[in-house]
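Asker: below is the sequence, then the predicted model.
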Amino acid sequence: MATPILRNVDTTGLRFRLIDAESEVLGRLATHIATMLMGKDKPTYCPNKDYGDVVVVVNSEKVRLTGNKIKNKVYQWHTGYPGGLKSRTVWEQLERKPEEVLKRAVLRMLPKNKLQDARIRKLRLFVGPDHGFAAEALTPWDPPCRNKKSSGSRELLEGQYPACIQEWANWEPPANGCIALYKGNDAPSSKVEED
């Protein structure tokens, strides 16, 4: 595969982020991509400057939609001629040009201002796992954990601590010793008092 060219993009000081879109929910993934393109995940964020990273998305055709949106969601546009209202479902769009579904979702989540074109230029979508940015130092993106409400108690692995108050009530420390959790300067001194 030929190396892709980023035209009119100044990449000095930017990270190249790699995202695998396989089995990711479309809207949730699009919000994370839009955040990275705007640079809101950096401490140097400035709303009137374009400090966002270059985002490379692979497997963009394997994005997932919840509910019946794949059949019921419709993209509409008008050609400008009388009777020129066109429409296409997400299913039809995934068959024709699958990366366009994710691109439209991200584009509509970016602010509608003069920086929108510059930001969407830094988004590169690829069908399949192959991309041409092998020469760049790509930083993989790990999807954040979702706070799912547990239907019951979960089993804790060794070295794992309970996440909520109800789990702390039934938690016992490991058999190999007691584990103390301290916050800030609450840790006891190294001196051991004897009774």
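Answerer: Received, thanks. This structure is a prediction, so every number in the text was calculated from the model and none was measured.
Asker: mind checking which helix or strand Lys103 is in?
Answerer: helix 99-109 (DSSP states H and E).
Asker: got the buried residues for that helix?
Answerer: Neighbour-count burial for helix 99-109 flags Glu99, Glu100, Val101, Leu102, Lys103, Ala105, Val106, Leu107, Met109 (criterion: 16 or more other Cβ atoms under 10 Å). Backbone N, C-alpha and C define where each C-beta goes, glycine included.
Asker: and the strands in this protein?
Answerer: Per DSSP state E, the chain carries strands over the ranges 16-20, 54-58, 74-78, 85-89, 123-125, 138-140.
Asker: show me what the top helix by length along the chain is packed up against.
Answerer: The longest helix of the chain (DSSP state H) is helix 26-38. Counting by 3 or more Cβ pairs under 8 Å, 6 or more residues apart in numbering; DSSP states H and E, the packing neighbours recorded for helix 26-38 are strand 16-20, strand 54-58, helix 99-109, helix 116-121.
Asker: now it against strand 54-58, angle please.
Answerer: 150 degrees (axes from the mean of the first three to the mean of the last three Cα atoms, to 10 degrees).
Asker: list the contacts of helix 26-38.
Answerer: The contact list for helix 26-38 (Cβ atoms under 8 Å, 6 or more residues apart in numbering) reads 17, 19, 21, 41, 45, 52-53, 55, 57, 63-65, 101-102, 105-106, 109-111, 119-120, 122-123, 141, 143-144.
Asker: switch to 7 Å and redo it
Answerer: Under the criterion Cβ atoms under 7 Å, 6 or more residues apart in numbering, residues 17, 19, 21, 41, 52-53, 55, 63-65, 101-102, 105-106, 109-110, 119, 122-123 lie in contact with helix 26-38.
Asker: any idea of the pLDDT on the residue at minimal distance from the centre of the chain?
Answerer: Central residue of the chain (Cα atoms, centre = their mean): His32, 3.7 Å from the mean position. With respect to pLDDT, His32 scores 96.
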